[in-house]
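>>> here's a sequence, model it:
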Amino acid sequence: MGYTDVDQLAINTIRLLAVDATAKANSGHPGAPMGMAPVAHVLFNKFMTFNPKNPKWVNRDRFVLSNGHGCMLQYALLHLFGYAVSLDDLKNFRQLDSITPGHPESHDTPGIEVTTGPLGQGFANAVGLAIAQAHTGALFNKPGFDLINNHTYVFFGDGCAMEGVASEAASMAGHLKLGNLICIYDDNHISIDGDTKCAFTEDVMARFESYGWHTEWVKDGDNDLEAIEAAIRRAKEVTDKPSVIKLTTTIGYGSKLQGTGGVHGNPLKADDIEGVKKRFGFDPAQSFVVPQQVYDMYNQHAAEGAAAEQKWNDLFAKYASEYKAEHADLARRLAGKLPEGWEKSLPTYKPSDPAIATRKLSEAVLEKVHSVVPELLSGSADLTGSNNTRWKNAVDFQPPEYGIGEWSGRYLRYGVREHAMAAAMNGLAAYGTVIPAGGTFLNFVSYAAGAVRLSALSRVRTIHVATHDSIGLGEDGPTHQPIETLAHFRALPNVMVWRPADGNETSAAYYSALTSQHTPSILALTRQNLPQLEESTIERALRGGYPVVEAPGAAVTIVSTGSEVSICIDAATYLKEKHGIVARVVSIPCFEVFDAQDKEYRLSVLPDGIPVLSVEALTTMGWERYSHEQFGLNRFGASGPYKKVYERFEFTPEGISKRAISTIEFYKGHSVRSPVNRAFQQIL
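Next up is the predicted model:
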């Protein structure tokens, strides 16, 4: 295999860039980069194909640093190989407005595939990247045109191995036989609390073997470059299983604190830095030193990557002449464009149409659009029949040998793995050729909250089909009835939470979700049937909020979402007939979209001079932004037939009317300003 002094020089350069950057920032984690530099050098220089001048080339090998606290390892590599990460960027590590933040963020730094840091997430993202490659390759590769054949490589540590989301994802990857996925486990026996013997003594490789993975063990990860290379090569030869390589390393290799928790999350002291530099043959008086031989070595490999991309571009051009339709489809996907006119397939509804649950209306959208948006992949966390996420002629994404699907299939059986589903969806979205949608109950999106947060931070387009959205699910009771969930996700930046009230609003939710390239969406959908609203259209719903009952001289505005909108309309009728009170009713299916409208429009929906009562069968938290008084559920629900549960908590025309009258009485004689005018609405 042949390793020279220049290889060792490159490894030590990576180590010392990490040491210098963390020291300059007086913050960071030098230990993992110092221990993982040898395998990083071998992997990037010997195996990975990429073009630093075009970090988005579709057939590049993907690299995910799941133990993202060790990000100076990756930033050093990106700089050395010629990505748009300068030496000054390394000197600005962890500083405001730098492109080298404290954990890798995909939208900040060229060459970072996914946002990592919360442990286990990157591992699960990588499973999504591998699924996307397998699906895209099966769809577009033809004889003589092996367009999509990249590998996904992952570094992960003991912390990732302990996190449940990684275990979920590893189980899923083993079932799916993702032979394009190779994970390297930094077995250094140290976590933040110290030696892992205090909390983590399992046989990690035995676990992965039971998941159906191919396993390797390199016992001297500090020095044995030949063994590292051989292990990766054997892993690449295994095409019917994902592979994991246990790499026993010394954290902080070269430091006087090596092998201890003291080098995990703290910069090295000045005397230690001096000693490390002397040990590795560098001048202790100098910092951020990169020998020209290292640049030359890595620039040569980068040039090979650029040549590989050019060869691919030539092949893709030839592909166009033989597979015109497939070429056009893949080129469109890579350009980030949806098919022309796809939105014409969205179903529309009129008031005379029957009452239908929004989960069924969601299914109707998928049935209509799946053929015109071929990049849409659906799936469910073992709730397909409840989430209604599968169109009739869908083919499962499965290894063909199981006889139940194909690699080109577009329906993913995630199993009872909500968190791994959401995290894998982030990887699917990041790959660049597919749009993932995944279903579970709204209450169990809470299980996936860590991944959803990273969807928002990563600015990826994922669609969470969240059914059984309230106490309206009935008999399953409080364990399944969400109360706080929507408030949680509405509080999360860069997420659109839709709770549609009928068919047109459901179609609008999908239009918004599919066209929002850099924003994830959560669609909260009912189990119970809802009538089609008189005033709803897709266009009106796409404003985020609009009046569904307009009434001159109204004494109160009742604002609501989802299943409660039709009850509020009945309440307006009840108020008029029983009490002679005129009420307006407003539907706000998406807070985030409504908040993005201009103030004039929002004031036309929630005007001055009229008190506002909000109604939603979930927590009242967050409704202060639109209403003067709130009617909701600030306690857990109850088990029973859903109509009885609604009656118990007075989400009925009578119960809403009672509260509307109290609201009118309280504000009588007062000058009422719309909540839209409130100063606290002025936010960053």
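
>>> hey, what's D186 bridged with?
Beta-bridge partners recorded for D186 (DSSP bridges): G157, L247.

>>> who are the contact partners of it?
Residues near D186 by C-beta atoms under 8 Å, 6 or more residues apart in numbering: A32, G35, M36, N67, F155, F156, G157, D158, G221, L247, T249. The way it works is simple: take the backbone N, C-alpha and C, and place the C-beta from them, glycine included.

>>> turn those residues into JSON lines, including distance to A449, neighbour count and pLDDT.
Conversion of the contacts of D186 to JSON lines gives the following (distance: C-beta to C-beta, whole Å; neighbours: other C-beta atoms under 10 Å; pLDDT from 0 to 100):
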{"residue": "A32", "distance to A449": "26", "neighbour count": "28", "pLDDT": "98"}
{"residue": "G35", "distance to A449": "31", "neighbour count": "32", "pLDDT": "98"}
{"residue": "M36", "distance to A449": "29", "neighbour count": "31", "pLDDT": "98"}
{"residue": "N67", "distance to A449": "21", "neighbour count": "29", "pLDDT": "98"}
{"residue": "F155", "distance to A449": "25", "neighbour count": "28", "pLDDT": "98"}
{"residue": "F156", "distance to A449": "21", "neighbour count": "26", "pLDDT": "98"}
{"residue": "G157", "distance to A449": "23", "neighbour count": "29", "pLDDT": "98"}
{"residue": "D158", "distance to A449": "23", "neighbour count": "20", "pLDDT": "97"}
{"residue": "G221", "distance to A449": "34", "neighbour count": "27", "pLDDT": "98"}
{"residue": "L247", "distance to A449": "31", "neighbour count": "26", "pLDDT": "98"}
{"residue": "T249", "distance to A449": "32", "neighbour count": "28", "pLDDT": "98"}
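
>>> the residue nearest the centre of the chain and R279, how far apart?
Nearest to the geometric centre of the chain sits S455, at 2.9 Å (C-alpha atoms, centre = their mean). Here S455 is placed at a distance of 43 Å from R279 (C-beta to C-beta, to the nearest Å).

>>> likewise G622?
Separation of G622 from R279 (C-beta to C-beta): 56 Å.

>>> between those two, point out the one with more neighbours.
The neighbour count for G622 versus R279, taken as other C-beta atoms under 10 Å, is higher for G622 (18 against 13).

>>> before we move on, which element is the residue lying closest to that one once chain neighbours are set aside in?
Spatial nearest neighbour of G622, excluding adjacent residues (C-beta to C-beta, 6 or more residues apart in numbering): A487 at 4.9 Å. In this assignment (DSSP states H and E), A487 forms part of helix 485-490.

>>> how far off centre is that helix?
Helix 485-490 has its C-alpha centroid displaced from the chain centroid by 16 Å (C-alpha atoms, centre = their mean, to the nearest Å).

>>> let me see the mean pLDDT of the next helix or strand after it.
Counting by DSSP H and E, the next helix or strand C-terminal to helix 485-490 is strand 496-498. For strand 496-498, mean pLDDT rounds to 98.

>>> what's strand 496-498 packed up against?
Judged by 3 or more C-beta pairs under 8 Å, 6 or more residues apart in numbering; DSSP states H and E, strand 496-498 is in contact with helix 485-490, helix 503-515, strand 521-524, helix 591-595.

>>> quick one, domains of this structure?
Structural domains assigned to the chain are 5-307, 342-524, 544-667, following the TED database.

>>> turn those domains into a markdown table, columns for distance to E534.
Putting the domains of the chain into a markdown table (distance: least, C-beta to C-beta, whole Å) gives the following:
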| stretch | distance to E534 |
| --- | --- |
| domain 5-307 | 42 |
| domain 342-524 | 5 |
| domain 544-667 | 7 |
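
>>> so which of the ones you listed comes closest to R678?
Closest approach to R678 among the domains of the chain (C-beta to C-beta): domain 544-667, 7.6 Å.

>>> what about that closest one, how long is it end to end?
27 Å (C-alpha to C-alpha, to the nearest Å).

>>> just for the protein, where's the confidence low?
Filtered on pLDDT under 70, the chain yields the residue ranges 1, 679-684.

>>> by residue count, what's the longest helix in it?
Once the chain is assigned using DSSP state H, the helix that runs over the most residues is helix 292-322.

>>> residues contacting the helix holding A487, please?
Contacts of helix 485-490 (C-beta under 8 Å, 6+ apart): 442-443, 445-446, 449, 452, 469, 495, 497, 499, 522, 524, 591-592, 616, 618-619, 621-622.

>>> mind checking which of those residues are buried?
Buried by 16 or more other C-beta atoms under 10 Å: 442-443, 445-446, 449, 452, 469, 495, 497, 499, 522, 524, 591-592, 616, 618-619, 621-622, out of those.

>>> highest mean neighbour count out of the helices and strands packed on strand 496-498?
Among the helices and strands packed on strand 496-498, strand 521-524 has the highest mean neighbour count (mean count of other C-beta atoms under 10 Å), at a mean of 28.

>>> residues making contact with it?
For strand 521-524, the external contacting residues (C-beta under 8 Å, 6+ apart) are 362, 442, 445, 452, 461-466, 469, 486, 489, 495-500, 506, 509-510, 512-513, 562.

>>> centre of the chain to the helix or strand just after that strand, how far?
Sequence-wise, the next helix or strand downstream of strand 521-524 (DSSP H and E) is strand 529-530. Strand 529-530 sits 30 Å away from the centroid of its parent chain (C-alpha atoms, centre = their mean).
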